[in-house]
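Asks: my questions are about this predicted structure, shown below with the sequence.
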Amino acid sequence: MTRLLITGGAGFIGSNFIKYLFKNNNDISIINVDKLTYAGNLKNLEEIKNNDNYTFIKEDICNKTSMKYIINFYKPNYIINFAAESHVDRSIESSEEFIKTNVLGIQALLECSLNSKINRFIQISTDEVYGSNETGFFNEKSVLKPNNPYAASKASADLLVQSFHNTYGLPTIITRSSNNYGPHQHNEKLIPKVITNCLYRRKIPIYGDGTNIRDWIYVMDNCDAIYKVLNKGASGEVYNISSNNEKRNIDIVRIIIKKTKEILQTRGLDINGVSEDLIEFVTNRKGHDKRYGIDSSKLKDTLGWNPIIQFESGIEKTIEWYIDKELK
Ligand SMILES: NC(=O)c1ccc[n+]([C@@H]2O[C@H](COP(=O)([O-])OP(=O)(O)OC[C@H]3O[C@@H](n4cnc5c(N)ncnc54)[C@H](O)[C@@H]3O)[C@@H](O)[C@H]2O)c1
């Protein structure tokens, strides 16, 4: 049986990935280590919590003694690190927790992994490490030029991961995905915030003039990519993950308002006040990156990955999920 140690598995992508793994495998056991910060929620894993092959441990990845014990005790074949402070706005307010978890935490985890017999150590990173590009696409060899404290902490982690590969031969891989959306994302992030603000008729804040561009990938497509990387990715490599679905923030907000209204109407629910009047332009985020554009042809060409979920169906599933959660 293959054992996977997943850190940060109670968060958005981690919890979706754990469910993805159990759906696609009968012969795995998962140890999920999560500190349960404000962003971690065990309700995300309600349906698998009693699975005999699932173990949850509440712990901080920065705690070397515990992490070493866990790794020695469970002897995982793979370690996949999703644990992070992940919200850019919070990192602009204060970067301390970001440095602790995203930099010192990964350093602790890497050190604890050194004498283990893991096949792969996967670090889940982000397209934000490359910084902003108004045109063109960054590939895995592009220079790291992060612009906000969150992105800088993630870039620092990437460099540490690569240094452990180069120095000690640790079999690491880094994935850098674009913005994810789907069920279980914390309400503070753009897409859940727009949906829930529609549901409660609250103002929808948009930074600046709304022309900043993000590239959106459905979370299960990212999980599928991470799974391919886990099974077939080459040690020491980096893989970009994107589904080439760039949208201006203002456009995504308009799409969500329209779609939410349609779904509420189909369900016979009140649609009064669900309109673009909810939009409120607010002072731009400090140092707001204009656009992130990445090229994921390496992942497609070498590992045969392709995104499956079209944005129209992904956003519909996501809105349905938030309506069920909020208005049940
Ligand atoms: N969400 C995105 O769009 C996106 C895009 C690219 C990359 N990423 C990366 O993917 C990873 C997961 O992102 P997410 O959106 O699921 O984040 P999230 O904030 O939803 O979840 C993070 C999880 O990590 C846990 N955690 C935080 N600090 C910890 C610590 N010190 N020890 C143990 N657990 C800790 C939290 O409790 C939470 O469960 C992050 O590394 C993030 O940088 C996210």
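Replies: Structure received.

Asks: what about the longest helix in the chain?
Replies: Ordering each helix of the chain by length in residues (DSSP state H) puts helix 149-168 first.

Asks: which residues touch that one?
Replies: For helix 149-168, the surrounding residues in contact (CB atoms under 8 Å, 6 or more residues apart in numbering) are 84-88, 90-92, 95, 98-99, 102-103, 106-107, 110, 114, 121, 123, 125-126, 128-129, 131, 144, 146, 170-172, 174, 176, 235-236, 238, 289. C-beta: built from backbone N, CA, C; applies to glycine.

Asks: mind doing that once more with 7 Å?
Replies: For helix 149-168, the surrounding residues in contact (CB atoms under 7 Å, 6 or more residues apart in numbering) are 88, 91-92, 95, 98-99, 102-103, 106-107, 110, 114, 123, 125-126, 128-129, 144, 146, 170, 172, 174, 236.

Asks: so which of those residues reach the ligand?
Replies: Residues of the contacts of helix 149-168 in contact with the ligand (CB under 6 Å from any ligand atom): residue 126.

Asks: what is the mean pLDDT for the longest helix of the chain?
Replies: Across helix 149-168, the average pLDDT comes to 98.

Asks: show me what counts as buried in that helix.
Replies: Applying a neighbour-count criterion of 16 or more other CB atoms under 10 Å, one finds 149-158, 160-162, 164-165 buried in helix 149-168.

Asks: same deal with stretch 40-59?
Replies: 40, 41, 44, 45, 48, 53, 54, 56, 59.

Asks: I figured the fifth one was touching residue 42, is that so?
Replies: No: counting by CB atoms under 7 Å, residue 48 does not reach residue 42; the two are 10.6 Å apart.

Asks: ok, back up a step: ok, of the contacts of helix 149-168, which come out buried?
Replies: Using 16+ other CB under 10 Å as the burial test, the contacts of helix 149-168 include 88, 91-92, 95, 98-99, 102-103, 106-107, 110, 123, 125-126, 128-129, 144, 146, 170, 172, 174 as buried.

Asks: which helix or strand lies directly C-terminal to the longest helix of the chain?
Replies: As assigned by DSSP states H and E, the chain's next helix or strand after helix 149-168 is strand 172-177.
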